[in-house]
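[1] mind looking at a prediction? Sequence and model below.
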There are 2 protein chains.
Amino acid sequence: MKLPSFIAADVALVERELDRIVPPEATRPVDLHRAMRYTLLAPSKRVRAVLVLQAARVCGSDERALPAAAAVELIHASSLILDDLPALDNAPLRRGRPSNHVAHGEAMALMAAFALFNLAFGTIARAYDAPTAQRLTGLMSDAVGSDGLIGGEVEDVLAADRAVSFDTLELIHRCKTGALFVGAATAGAVTAGAEPDQVSALAAYAKNLGLAFQIVDDLLDVEQSSEALGKTAGKDAAQQKITFPAVYGLEASHRMAEDERAGAHAALEIFGSRADRLRDLADLIVRRKA
Amino acid sequence: MKLPSFIAADVALVERELDRIVPPEATRPVDLHRAMRYTLLAPSKRVRAVLVLQAARVCGSDERALPAAAAVELIHASSLILDDLPALDNAPLRRGRPSNHVAHGEAMALMAAFALFNLAFGTIARAYDAPTAQRLTGLMSDAVGSDGLIGGEVEDVLAADRAVSFDTLELIHRCKTGALFVGAATAGAVTAGAEPDQVSALAAYAKNLGLAFQIVDDLLDVEQSSEALGKTAGKDAAQQKITFPAVYGLEASHRMAEDERAGAHAALEIFGSRADRLRDLADLIVRRKA
């Protein structure tokens, strides 16, 4: 599917910023910087970064959100490296290439994951005025912590060993994917000096969007090939992971993704037609094929 | 050796603060919080936290430095968990108990390390006014990054596979241990609103202190038992690590530690007798037996 030009333009902006922020391969320690760049700069949809930028734009800001968008991508790339490690998903493929630990060894992959994560906070501290930096740091830390990305990852690891309820499935995805989506949208709004009702609307939108993204991710793992995905297809079933299709079936899962898409649209009401790009983003996420 | 009462008092303060900051075991995800608390709250000298507090006090502050001291301990605990993993040092013992991954499994140890690290930044964002929080976030990120803890760790991993120069040995330790010592002292000074010359003096002191600490650490690995250390003695030689005793011999290494102690004392001159506790701290670090 061809991407709308606004997304392609945002992706280009973000990739230039990431390339600028992450240390060049030529500087010491070369092996670390190579491993960091390997996952961070690999081909990616940059959904979270686009979300940061578009959330800022709907609140009237220009490119002031760019370092925050980069910070969110740094955190996301770090979490992908971690996720793929032998002790976790033990995934051989990511973003169409061997996973970081396969290409660079486990020690360097671990260091790269920590360094990317650390760089996210350094980027925020350097790029913004003090009150904005403080608020973004708090936001990102909350999005990653016990009620966020790490909490969700832990519940996911624990869920693999036992029968879990539907509530747990939703909890996992609300934390593991949703928290960083909500953090991204909120961060964009904060850099734009948004009003509280705008922040709330964007957080609600991002919560729907995150759940839609995860349901579709689960569906693609069943319905698509590894080549199309750039990561190993069918691994959820192979690892007996709890997923939306496994729990609800394919048809109901597709319907749930549609419901989340509708919820995302509804959350944007206060912005009127100014939020059309965010609506397009929700449509693209639900209808994507990879 | 009996600790001076000022250190025991600082350690008690910090441990109460850490216990307050890290989520209780009873909250979800229980397994994550248990693994976080396991390493963070295990018996420790809390050298870095004491350094934060005493650097703040010599600049005239009260307990305003406490959250920064806790943040430094959170980062340090995270780095210990990481260091001990099979892909890195593969160390079975830490702080007198089985290492985190031995006790909690590798997946949970990884998550706990990330969560502790993340909590350090969240703690800073919550505890301080915006300009102080911003400065501390930048300081900590620099202390951890490519020229700091992670950079040093990477050089250390790489050094194990090849012959390295004396310069590399110093580079490793300046980054791996020194950067967080310097970050700790600077953080303490910043929370106290210190003057630039005070910040510089404390950074110079901490640089000497960090190197002294590392030289003594290398010596203890040779000269002490695992029981005394609470971690595996003799592992540097077993892993053919590059260390000060391996490169310079025992006697010269003891002399170098003394030189760093003297340098640390000299750096404190501008503070006069107000810095006596920092001098005591340097003496204790060099003369410790574990």
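    Perfect, thanks for sending it.
[2] so which bits of the one helix or strand residue A:114 maps to are buried?
    Per DSSP states H and E: residue A:114 is located in helix A:106-127. Buried residues in helix A:106-127, counting neighbours by 16 or more other Cβ atoms under 10 Å in any protein chain shown, are found at A:106-125, A:127. Any C-beta I mention is one placed from the backbone N, CA and C, and that applies to glycine too.
[3] output the contacting helices and strands for the helix or strand following that helix.
    Sequence order places helix A:130-144 as the next helix or strand after helix A:106-127, per DSSP H and E. With contacts defined as 3 or more Cβ pairs under 8 Å, 6 or more residues apart in numbering or on different chains; DSSP states H and E, helix A:130-144 has these neighbours: helix A:66-84, helix A:106-127, helix A:179-191, helix B:106-127, helix B:130-144.
[4] same list (those helices) but as JSON lines, adding mean pLDDT and distance to residue A:60.
    Formatted as JSON lines, the helices and strands packed on helix A:130-144 follow (pLDDT from 0 to 100; distance: least, Cβ to Cβ, whole Å):
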{"stretch": "helix A:66-84", "mean pLDDT": "97", "distance to residue A:60": "15"}
{"stretch": "helix A:106-127", "mean pLDDT": "98", "distance to residue A:60": "19"}
{"stretch": "helix A:179-191", "mean pLDDT": "98", "distance to residue A:60": "10"}
{"stretch": "helix B:106-127", "mean pLDDT": "98", "distance to residue A:60": "25"}
{"stretch": "helix B:130-144", "mean pLDDT": "98", "distance to residue A:60": "23"}
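[5] looking at those helices, which is nearest to residue B:260?
    helix B:130-144 (18.9 Å; Cβ to Cβ).
[6] give the rounded mean pLDDT of the next helix-or-strand element following the closest one.
    For helix B:130-144, the following helix or strand on the C-terminal side (DSSP H and E) is helix B:149-159. For helix B:149-159, the mean pLDDT works out to 91.
[7] does helix B:149-159 reach chain A?
    Yes - with Cβ under 8 Å from any Cβ of the partner chain as the measure, helix B:149-159 is seen reaching chain A through B:150, B:151, B:153, B:154, B:155, B:157, B:158.
[8] nearest to residue B:191, out of those: which one, please.
    Taking Cβ to Cβ as the measure, residue B:191 sits nearest to residue B:150 out of the residues of helix B:149-159 next to chain A, at 24.2 Å.
[9] show me the contacts for the residue lying closest to that closest one once chain neighbours are set aside.
    The shortest distance from residue B:150 to any non-neighbouring residue, by Cβ to Cβ, 6 or more residues apart in numbering or on different chains, is to residue A:115 (4.9 Å). Contacts for residue A:115 (Cβ atoms under 8 Å, 6 or more residues apart in numbering or on different chains) come out as A:32, A:36, B:144, B:145, B:146, B:150.
[10] any idea how far chain B is from the first one?
    Distance, residue A:32 to chain B, by Cβ to the nearest Cβ, to the nearest Å: 5 Å.
[11] around that residue, count how many other residues there are.
    If you count neighbours by other Cβ atoms under 10 Å in any protein chain shown, residue A:32 ends up with 27.
[12] wait, residue A:235 touches residue A:91, no?
    Yes - between residue A:235 and residue A:91 there is a contact at 6.6 Å, judged by Cβ atoms under 8 Å.
[13] of the contacts of residue A:115, closest to residue B:189?
    Once Cβ to Cβ is applied, the member of the contacts of residue A:115 that ends up nearest residue B:189 is residue B:144, at 18.5 Å.
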